[in-house]
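>>> Got a predicted structure plus its sequence, pasted below:
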Amino acid sequence: MIIVTDLDDTLYPEIEFVYSGFREVSAYLSKTFGIDAEESFQIMLRELKSNGRGKVFDSVLEKHHINTTSNRKKCLSVYRSHKPELTLYPEAERFLKRFSGHTKYLVTDGNVRVQRNKIEALGLRSHFIKTIPTYQYGIAYSKPSTFCFEKILSWEGQKSPDELVYIGDNPKKDFVSLNKMGAKTIRVLTGEFGSMKASPGFDAQYTVNNLDEITEEFITRIAL
């Protein structure tokens, strides 16, 4: 069985990266404009909680009357390029150890540089045959596209889709196409989408509370 995992909110809590990026941008604003770093960080947190990530940097820049296109772009660049400090879920560490002898790939959506920085920070390369940021092929090939999964099956000797199991957390995009393709899908109820009710046809075939519930016996059973 080929095991493929998602990254964000599956192997580690993505909010750690968000907070790490906010800290880095706050430090940049402090150094460049003399803005108190903790104040900037708290403004970003409040904006995130109230309105999501869309305008977190605008909220700080507007407060200090420096909300220009170039400043917004610089903040975004600092956020995306910073080297984060991240920690795997404890159950993810156990999962990777438990399946150390298995064929494993990682498929993750998002800015290629950002995702690669996360992978490096978490020390994940040695655990997988390949770690694949889907955007390296183009945004059109991100999930729910099966493009990267088809490549994995090809790399593994034209294996059948039912020999692939995918583990993810996002019922908006992670499972719908893979279900149709004939792969096995497992949803982990962690992170932002843990309590989300999936639309018909979009949920995984199997659901677990965390990665500790995915044992070798579990994988063997669903492969039958």
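Now that the structure is in, tell me what you want to look at.

>>> my read: Asp9 touches Met196, true?
No: applying C-beta atoms under 8 Å, one finds Asp9 not in contact with Met196, separated by 11.4 Å. Backbone N, C-alpha and C define where each C-beta goes, glycine included.

>>> Who has more neighbours out of those two?
Asp9 (19 against 16; other C-beta atoms under 10 Å).

>>> what sits against the residue nearest to that one when sequence neighbours are not counted?
Excluding the flanking residues, the one nearest Asp9 by C-beta to C-beta, 6 or more residues apart in numbering is Gly191, at 2.6 Å. Taking C-beta atoms under 8 Å, 6 or more residues apart in numbering as the contact definition, Gly191 lies against 8-10, 13-15, 169.

>>> Secondary structure and pLDDT added to the residues you listed, as JSON lines?
JSON lines is the format used below for the contacts of Gly191 (DSSP: H, G, I helix; E, B strand; the rest coil; pLDDT from 0 to 100):
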{"residue": "Asp8", "secondary structure": "strand", "pLDDT": "98"}
{"residue": "Asp9", "secondary structure": "coil", "pLDDT": "98"}
{"residue": "Thr10", "secondary structure": "coil", "pLDDT": "99"}
{"residue": "Pro13", "secondary structure": "coil", "pLDDT": "98"}
{"residue": "Glu14", "secondary structure": "coil", "pLDDT": "97"}
{"residue": "Ile15", "secondary structure": "helix", "pLDDT": "96"}
{"residue": "Asp169", "secondary structure": "coil", "pLDDT": "98"}
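
>>> out of the residues you listed, which one sits closest to Leu153?
Using C-beta to C-beta, Thr10 is the member of these that lies nearest Leu153, at 20.4 Å.

>>> how many neighbours does the closest residue to the closest one other than its chain neighbours have?
When the adjacent residues along the chain are set aside, Thr10 lies closest to Asp169, with 4.8 Å between them (C-beta to C-beta, 6+ apart). A count of nearby residues for Asp169, using other C-beta under 10 Å, gives 25.
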